[in-house]
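Q: just need the structure, nothing else, for what follows:
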Amino acid sequence: MLDRIVLDGFVWESTVYDKQGNIVDQWQEHNLIPNEGVAFLMRSPFGDAPPISNFYCGIFKGNYVPTAASKAADIPNIGEVISYQETSRPLWNKLFDSNNTFSNISNPAIFTFAEEQTINGYFLVSSDIKGSSNGILLSIARLSTPKTVSEELKVKTRLSYLSGTSL
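A: The predicted model follows:
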(Lines give C-alpha, C1' and ligand atoms only; values in the text may rest on other atoms or scores of the structure.)
Protein backbone atom coordinates (compact mmCIF):
# COMPACT_ATOMS: atom_id res chain seq x y z
CA MET A 1 0.00 0.00 0.00
CA LEU A 2 1.22 3.50 -0.83
CA ASP A 3 1.02 6.29 1.69
CA ARG A 4 1.91 9.19 -0.57
CA ILE A 5 1.90 10.47 -4.10
CA VAL A 6 4.33 13.22 -5.06
CA LEU A 7 3.68 15.52 -7.97
CA ASP A 8 7.03 15.56 -9.77
CA GLY A 9 5.92 18.49 -11.88
CA PHE A 10 6.43 19.21 -15.54
CA VAL A 11 9.62 18.67 -17.49
CA TRP A 12 9.95 20.64 -20.73
CA GLU A 13 12.15 19.31 -23.56
CA SER A 14 12.82 21.44 -26.63
CA THR A 15 14.47 20.92 -29.98
CA VAL A 16 15.20 23.64 -32.56
CA TYR A 17 15.40 22.64 -36.24
CA ASP A 18 16.70 24.51 -39.28
CA LYS A 19 15.00 24.58 -42.72
CA GLN A 20 16.67 21.31 -43.71
CA GLY A 21 15.34 19.54 -40.62
CA ASN A 22 18.72 19.43 -38.88
CA ILE A 23 18.84 19.79 -35.10
CA VAL A 24 20.31 23.16 -34.14
CA ASP A 25 19.85 23.04 -30.35
CA GLN A 26 18.24 20.94 -27.61
CA TRP A 27 17.60 21.55 -23.91
CA GLN A 28 15.47 20.53 -20.95
CA GLU A 29 13.95 22.56 -18.09
CA HIS A 30 11.84 21.84 -15.03
CA ASN A 31 8.86 24.00 -14.20
CA LEU A 32 6.99 25.75 -11.48
CA ILE A 33 3.39 24.68 -10.98
CA PRO A 34 1.80 27.89 -9.74
CA ASN A 35 -0.83 27.91 -7.01
CA GLU A 36 -3.73 28.03 -9.49
CA GLY A 37 -2.32 24.96 -11.26
CA VAL A 38 -1.86 23.08 -7.99
CA ALA A 39 -5.43 23.98 -6.96
CA PHE A 40 -6.74 22.67 -10.28
CA LEU A 41 -4.77 19.41 -9.99
CA MET A 42 -6.01 18.89 -6.43
CA ARG A 43 -9.66 19.82 -6.99
CA SER A 44 -10.49 18.44 -10.44
CA PRO A 45 -10.33 14.69 -9.65
CA PHE A 46 -12.98 15.20 -6.97
CA GLY A 47 -15.34 17.29 -9.07
CA ASP A 48 -14.57 20.47 -7.14
CA ALA A 49 -13.30 22.20 -10.28
CA PRO A 50 -14.81 22.07 -13.76
CA PRO A 51 -13.00 19.60 -16.03
CA ILE A 52 -10.69 21.09 -18.64
CA SER A 53 -10.16 18.83 -21.63
CA ASN A 54 -7.29 20.69 -23.27
CA PHE A 55 -4.27 22.73 -22.33
CA TYR A 56 -2.08 24.67 -24.73
CA CYS A 57 1.64 25.43 -24.92
CA GLY A 58 2.91 28.98 -25.00
CA ILE A 59 6.36 30.54 -25.03
CA PHE A 60 7.53 33.85 -23.64
CA LYS A 61 10.39 36.27 -24.28
CA GLY A 62 10.04 38.67 -21.37
CA ASN A 63 12.39 38.88 -18.41
CA TYR A 64 9.77 37.25 -16.20
CA VAL A 65 10.57 35.16 -13.15
CA PRO A 66 7.64 32.85 -12.32
CA THR A 67 6.42 32.61 -8.74
CA ALA A 68 3.84 30.48 -6.97
CA ALA A 69 1.44 33.41 -7.38
CA SER A 70 1.75 33.44 -11.21
CA LYS A 71 -1.61 33.24 -12.99
CA ALA A 72 -2.96 33.17 -16.52
CA ALA A 73 -3.91 36.82 -15.94
CA ASP A 74 -0.15 37.57 -15.88
CA ILE A 75 0.44 36.34 -19.44
CA PRO A 76 0.29 39.84 -21.00
CA ASN A 77 3.12 40.86 -18.62
CA ILE A 78 5.46 37.98 -19.45
CA GLY A 79 5.94 38.88 -23.10
CA GLU A 80 4.24 35.95 -24.76
CA VAL A 81 5.73 35.22 -28.17
CA ILE A 82 2.89 35.37 -30.68
CA SER A 83 4.92 35.84 -33.88
CA TYR A 84 4.95 32.15 -34.80
CA GLN A 85 3.01 31.07 -37.88
CA GLU A 86 0.43 28.83 -36.19
CA THR A 87 -2.90 30.63 -35.71
CA SER A 88 -3.30 29.60 -32.08
CA ARG A 89 -1.29 28.19 -29.21
CA PRO A 90 -0.36 24.57 -29.96
CA LEU A 91 -2.36 21.89 -28.20
CA TRP A 92 -0.63 19.90 -25.45
CA ASN A 93 -1.65 16.64 -27.14
CA LYS A 94 -1.04 14.50 -24.07
CA LEU A 95 -1.31 10.76 -23.61
CA PHE A 96 -1.29 8.82 -20.35
CA ASP A 97 1.32 6.07 -20.32
CA SER A 98 -0.41 3.97 -17.61
CA ASN A 99 2.72 4.53 -15.55
CA ASN A 100 1.95 7.82 -13.76
CA THR A 101 2.91 10.17 -16.61
CA PHE A 102 1.02 12.38 -19.03
CA SER A 103 3.13 13.61 -21.96
CA ASN A 104 3.09 14.82 -25.53
CA ILE A 105 6.36 13.03 -26.35
CA SER A 106 4.72 11.35 -29.37
CA ASN A 107 3.11 14.56 -30.58
CA PRO A 108 5.16 17.66 -29.64
CA ALA A 109 3.83 21.20 -29.79
CA ILE A 110 5.30 22.89 -32.86
CA PHE A 111 6.11 26.58 -33.25
CA THR A 112 7.16 27.70 -36.75
CA PHE A 113 8.99 31.01 -37.15
CA ALA A 114 9.58 33.25 -40.16
CA GLU A 115 12.38 35.06 -38.33
CA GLU A 116 14.68 34.47 -35.40
CA GLN A 117 13.23 34.84 -31.91
CA THR A 118 14.76 34.69 -28.42
CA ILE A 119 12.70 32.92 -25.78
CA ASN A 120 12.98 32.86 -22.00
CA GLY A 121 10.39 30.26 -21.06
CA TYR A 122 7.23 28.24 -21.54
CA PHE A 123 3.79 27.95 -20.06
CA LEU A 124 0.82 25.61 -20.22
CA VAL A 125 -2.60 27.25 -20.09
CA SER A 126 -6.21 26.26 -20.79
CA SER A 127 -6.79 28.93 -23.47
CA ASP A 128 -5.61 28.43 -27.06
CA ILE A 129 -5.84 32.13 -27.97
CA LYS A 130 -2.45 33.79 -28.49
CA GLY A 131 -1.96 36.65 -26.03
CA SER A 132 -5.03 35.73 -23.97
CA SER A 133 -4.92 36.06 -20.20
CA ASN A 134 -7.90 33.73 -19.70
CA GLY A 135 -7.89 30.24 -18.30
CA ILE A 136 -5.88 28.23 -15.80
CA LEU A 137 -2.08 28.46 -15.78
CA LEU A 138 -1.00 24.88 -15.13
CA SER A 139 2.75 25.23 -15.63
CA ILE A 140 5.32 27.93 -16.21
CA ALA A 141 9.05 27.43 -16.71
CA ARG A 142 11.82 29.99 -16.97
CA LEU A 143 14.80 28.87 -19.04
CA SER A 144 18.16 28.87 -17.26
CA THR A 145 19.53 30.86 -20.22
CA PRO A 146 17.64 32.55 -23.08
CA LYS A 147 17.46 30.48 -26.26
CA THR A 148 17.39 31.61 -29.87
CA VAL A 149 14.97 29.81 -32.14
CA SER A 150 14.88 30.27 -35.88
CA GLU A 151 12.87 27.93 -38.06
CA GLU A 152 10.99 25.38 -35.99
CA LEU A 153 10.74 24.70 -32.27
CA LYS A 154 9.30 21.39 -31.07
CA VAL A 155 8.29 21.32 -27.43
CA LYS A 156 7.58 18.19 -25.42
CA THR A 157 6.37 18.30 -21.86
CA ARG A 158 5.43 15.67 -19.33
CA LEU A 159 3.77 15.61 -15.94
CA SER A 160 4.61 12.75 -13.60
CA TYR A 161 3.31 11.52 -10.29
CA LEU A 162 5.71 9.57 -8.10
CA SER A 163 4.49 7.13 -5.48
CA GLY A 164 6.21 5.89 -2.39
CA THR A 165 5.83 4.52 1.08
CA SER A 166 7.68 7.13 3.12
CA LEU A 167 8.69 10.75 3.03
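Q: how about residues contacting stretch 14-33?
A: Residues from elsewhere that reach stretch 14-33, judged by CB atoms under 8 Å, 6 or more residues apart in numbering: 7, 9-13, 41, 66-68, 70, 108, 121-122, 138-144, 147-157. (Glycine included, C-beta is placed from N, CA and C.)
Q: just the ones of the residues you listed in helices?
A: Residues of these located in helices (DSSP state H): Leu41.
Q: and the contacts of stretch 14-33, which of them are buried?
A: 9-13, 41, 66, 70, 108, 121-122, 138-143, 147, 149-157 (16 or more other CB atoms under 10 Å).
Q: ranges for the strands of the chain?
A: 4-17, 23-30, 56-60, 95-96, 101-103, 109-112, 117-125, 137-149, 152-164 (DSSP state E).
Q: off-centre distance for stretch 41-60?
A: Using CA atoms, centre = their mean, to the nearest Å, the mean C-alpha position of stretch 41-60 is found 12 Å from that of the whole chain.
Q: tell me the mean pLDDT for it?
A: Mean pLDDT, stretch 41-60: 91.
Q: end-to-end on that stretch?
A: End-to-end distance for stretch 41-60: 23 Å, by CA to CA, to the nearest Å.
Q: for Ser106, give me its contacts.
A: Per CB under 8 Å, 6+ apart, neighbours of Ser106: Leu95.
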